[in-house]
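Chemist: quick one, what's the 3D model for this:
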Amino acid sequence: MSVEFWDHRYAEKEFVYGTEPNNFVRDQIIKLKPGKILFPAEGEGRNAVFAAGLGFEVTAFDASAVGQQKALDLAKSSNVEINYLLRTYETIDFEKNSFDCIVLVFAHMPASTRTIYHQKILSFLKLGGTVLLQGFSKDQIFKDTGGPKDIAMLFSEDDLKQDFSELKDLRIWQEETHLQEGNYHNGLASVINLIGRK
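Modeler: From the prediction side, this is the model:
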């Protein structure tokens, strides 16, 4: 989906995915010691702002300037600071081993670039650092509760095992969950969760 698509979606007055963090992220992130954390494809900033409120040093990026502005507004109204960059997966760059945690929330991409971009993002993680991911599974194609309508952009457990094979203590599981995240993630959804350590 294009930058224009996301700019148009985020231009809606309300926060289209809500202002509360994703439930999976919330439940996992509170178990971690605050450190440097990265949120790729962070949209309107709900998860980044939540992490900043816990004391994490937050960096986020997205291609949508409209999403970036809403995220910065949310951070300001929440009395926290986040470093939010206007970048794509192709243009983002950090030093290797920069972050203690990387969080990917419904960060879908074309199948042709998925492995390349996941492994690029992983290179920014410190040894011992944690990856948290929640995305839509391929079974979500049959549901109208959010996510890409191109099945190739949805995740399978095998896809994620391949992309994150270098992680230790890797746990990947698919489940059905009831999403209540604004107007576009609403209802019973099929998701895949991933937790791993570099």
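
Chemist: show me where this protein has helices.
Modeler: 3-10, 23-29, 46-53, 65-77, 111-123, 157-163 (DSSP state H).

Chemist: just the CA atoms of the third one, as PDB, please.
Modeler: It stands for helix 46-53. This file holds the C-alpha atoms of helix 46-53, laid out as PDB (Å, rounded to 0.1, in the frame of the first residue of the first chain):
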ATOM      1  CA  ARG A  46       0.100   4.500  20.000                       C
ATOM      2  CA  ASN A  47       2.600   1.800  20.800                       C
ATOM      3  CA  ALA A  48       5.600   4.200  20.800                       C
ATOM      4  CA  VAL A  49       3.900   6.600  23.100                       C
ATOM      5  CA  PHE A  50       3.000   3.800  25.500                       C
ATOM      6  CA  ALA A  51       6.600   2.600  25.600                       C
ATOM      7  CA  ALA A  52       7.800   6.200  26.300                       C
ATOM      8  CA  GLY A  53       5.500   6.300  29.200                       C
END
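
Chemist: now for it, which elements pack on it?
Modeler: Packing contacts for helix 46-53, counted by 3 or more C-beta pairs under 8 Å, 6 or more residues apart in numbering; DSSP states H and E, involve helix 23-29, strand 36-39, strand 57-62, helix 65-77, strand 99-105. (Glycine included, C-beta is placed from N, CA and C.)

Chemist: adjacent strands (with direction) for the last one?
Modeler: Using DSSP bridges, the strands paired with strand 99-105 in its sheet are strand 36-39 (parallel), strand 125-136 (parallel).

Chemist: which other residues reach the longest one?
Modeler: Applying C-beta atoms under 8 Å, 6 or more residues apart in numbering, the external contacts of strand 125-136 come out as 22, 24-25, 28-29, 32, 97-108, 122, 146-148, 154-155, 160, 164, 167, 189-198.

Chemist: of these, select the buried ones using a ChimeraX command.
Modeler: Filtering those down to the buried ones (16 or more other C-beta atoms under 10 Å) takes a single ChimeraX command:
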select :22,24,25,28,29,32,99,100,101,102,103,104,105,106,107,108,122,146,147,148,154,155,160,164,167,189,190,191,192,193,194,195,196,198
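
Chemist: show me what contacts residue 63?
Modeler: 3, 6, 41, 86-88.

Chemist: what about these, which one has the most neighbours?
Modeler: residue 41 (23 neighbours; other C-beta atoms under 10 Å).

Chemist: tell me the phi and psi of that one?
Modeler: Dihedral angles of residue 41 (phi, psi; degrees, to the nearest 10) stand at phi 50, psi 50.

Chemist: for it, which non-adjacent residue is spatially closest?
Modeler: Residue nearest to residue 41 in three dimensions, not counting chain neighbours: residue 107, with 3.9 Å by C-beta to C-beta, 6 or more residues apart in numbering.
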